[in-house]
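[1] Please find the sequence and the predicted model below.
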Amino acid sequence: MPSEIPDAQAAPNYDLATMPALRNDLYLRAARGEATERAPVWCMRQAGRYLPEFRAIRVENEFFRVCRTPALATEVTMQPIRRYPELLDAAIIFSDILVIPQAMGLQVEMVPGKGPHLPEPLREPRDLARLVDQCRGFSADRELDYVYKAITNTRHALAGHVPLLGFVGAPWTLMAYMVEGGGSKTFAEAKAWLFRHPQAAHELLRRIAAVAAEFLVGQVRAGAQALQVFESWAGELSPRDFSEFSLPYLAQIAAHVKQRCPDVPLTVFAKGAHYALEQLATETAFDVISIDWTVNPAEARARVDRALRGAPGRRRVVLQGNLDPTLLFADEDTLRRRTAEMCTAFGGGPHIANLGHGMMPSHDPERLRVFLETVHKASRALR
Ligand code: 1CP
């Protein structure tokens with residue numbers, strides 16, 4: 001089977017009309033709420049530093065060079081698919097959530113071993129004037145065209161093996177990086193902005209949401225077959241502040257995308273926002289809610305179903321998740337047992353198996369294989 005996946009470093013091909021037919025649609029069927037013979041499985045950050053083949057590419061190539069060079073982005077996206085050809089049910093385009101702040105005019109560097117660094121973050125409301133998204137002639141499509149090229153090229157490289165996911169960072173999470181200038185333990189600067197300058201915060205969030213929505217639709221045009229919105233720092237907000245500063249923008253993005261691409265499954269991952277499951281199910285148009293490991297899957301299912309019963313006309317919401325990624329550091333028996341328990345806790349219904357957050361650089365690729373194999377076996381046994 002691996003031989004059926006062509007070499008990704010072949011010349012880029014941007015022609016969508018000749019796209020190969022999809023052979024494994026398990027992910028898409030589950031995301032649409034259909035019953036499937038087993039749970040589809042993929043992992044957030046499945047391309048990344050835990051793979052020696054990824055580190056080898058990064059020795060020679062700066063992070064954003066990989067993102068901006070379609071042949072390289074395709075190659076890295078394909079690495080986990082080539083390593084686990086019969087086990088992964090989706091690929092996710094190699095890029096980063098910070099391509100949006102970059103497109104909006106902020107400089108973003110990726111510091112090896114540390115993560116993103118924005119040397120000139122937004123410090124005061126007047127700094128919003130430095131953003132270029134409202135300039136005449138600004139087009140998110142044009143600024144982010146390199147991602148579209150990478151997506152189209154990767155669709156060809158995948159040759160219909162599994163669907164390709166596109167993604168964006170959600171407005172609050174991107175604002176957090178734009179104000180902090182990088183990752184943070186407390187996000188105190190970004191949260192202080194929300195409370196000191198709520199109007200400017202809303203303006204910034206609205207502008208990011210507009211770019212993100214346009215970018216998602218563009219990714220579909222380029223060949224993305226499903227989409228995910230990462231609100232990675234939702235858990236930094238209180239339920240009240242999530243309602244004010246995150247949820248409306250998530251809802252706005254979902255409404256825009258579902259109106260233009262009604263058949264493309266759309267997932268939200270609001271890490272740490274277990275308190276908002278009901279709101280995400282009933283007040284947004286997301287098809288799939290991805291949960292982290294702090295939520296019990298059976299409880300999440302029950303809460304979402306209860307909320308949906310009170311909201312007539314709303315179709316079924318699928319759940320994705322949620323094994324604690326650090327269980328990949330446990331011995332194999334423990335990992336197998338806990339993965340099977342997780343599948344059981346989601347029940348036999350539509351479930352997209354995943355970790356509760358991304359792969360970590362120190363993970364052993366062979367433990368990921370154990371996780372993937374166990375999901376196949378355990379979720380099939382539940383049907
Ligand atoms: O499979 C894949 O790797 C897909 C590509 C992908 C995605 C979906 C990358 C590559 N990053 C992301 C999303 C992303 N980036 C998120 C949302 C998901 C999550 O919560 O994990 C976030 C918060 C970022 C920001 C980011 N980029 C961080 C986190 C820093 C922090 O604040 O804790 C880091 C370390 C990066 C760099 C990055 N992005 C991707 C990779 C493989 C890496 C490692 C850096 C490297 O290669 O040097």
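    Arrived safely, thanks for sending. Numbering: from 1, shown residues only.

[2] OK, contacts around residue 356?
    291-294, 321-325 (Cβ atoms under 8 Å, 6 or more residues apart in numbering). Where you see a C-beta, it was placed from the backbone N, CA and C, and this is true even at glycine.

[3] Ok, residue 55 next?
    residue 49.

[4] For the helix or strand encompassing it, the averaged confidence score.
    Residue 55 is part of helix 52-60, with elements assigned from DSSP states H and E. Mean pLDDT, helix 52-60: 97.

[5] Stretch 330-348 now?
    Averaged across stretch 330-348, the pLDDT comes to 96.

[6] Contacts for it, please.
    Here stretch 330-348 makes contact (Cβ under 8 Å, 6+ apart) with 39, 296-298, 301, 319, 321-323, 327-328, 351, 353, 367, 370-371, 374-375, 377-379, 382-383.

[7] Off-centre distance for it?
    Relative to the centre of its chain, stretch 330-348 is centred 23 Å away, using Cα atoms, centre = their mean, to the nearest Å.

[8] Next: stretch 255-265.
    On Cα atoms, centre = their mean, the centre of stretch 255-265 falls 16 Å from that of its chain.

[9] Quick check: residue 353 is in a strand.
    Yes: applying DSSP: H, G, I helix; E, B strand; the rest coil, one finds residue 353 inside a strand.

[10] now the helix holding residue 55, how far from the chain's geometric center?
    The answer for helix 52-60 is 22 Å, by Cα atoms, centre = their mean.

[11] which secondary structure elements does the helix or strand just after that helix contact?
    On the C-terminal side of helix 52-60, the nearest following helix or strand under DSSP H and E is helix 63-68. For helix 63-68, the packing partners by 3 or more Cβ pairs under 8 Å, 6 or more residues apart in numbering; DSSP states H and E come out as helix 70-83, helix 145-158.

[12] Turn the ones you listed into a markdown table, columns for mean neighbour count, mean pLDDT and distance to the ligand.
    Below are the helices and strands packed on helix 63-68 laid out as a markdown table (neighbours: other Cβ atoms under 10 Å; pLDDT from 0 to 100; distance: least, Cβ to the nearest ligand atom, whole Å):
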| stretch | mean neighbour count | mean pLDDT | distance to the ligand |
| --- | --- | --- | --- |
| helix 70-83 | 23 | 98 | 7 |
| helix 145-158 | 24 | 97 | 11 |
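
[13] Turn these into CSV, columns for distance to residue 125.
    As requested, the helices and strands packed on helix 63-68 are exported to CSV (distance: least, Cβ to Cβ, whole Å):
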stretch, distance to residue 125
helix 70-83, 35
helix 145-158, 29
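
[14] what does the stretch 201-350 of the chain put close to the ligand?
    Listed as neighbours of the ligand in the stretch 201-350 of the chain under the rule Cβ under 6 Å from any ligand atom: 230, 232.

[15] next one: phi and psi at the residue in the stretch 201-350 of the chain positioned nearest to the ligand?
    Across the stretch 201-350 of the chain, the shortest distance to the ligand (Cβ to the nearest ligand atom) belongs to residue 232, at 3.2 Å. Main-chain dihedrals, residue 232, degrees, to the nearest 10: phi -70, psi -30.
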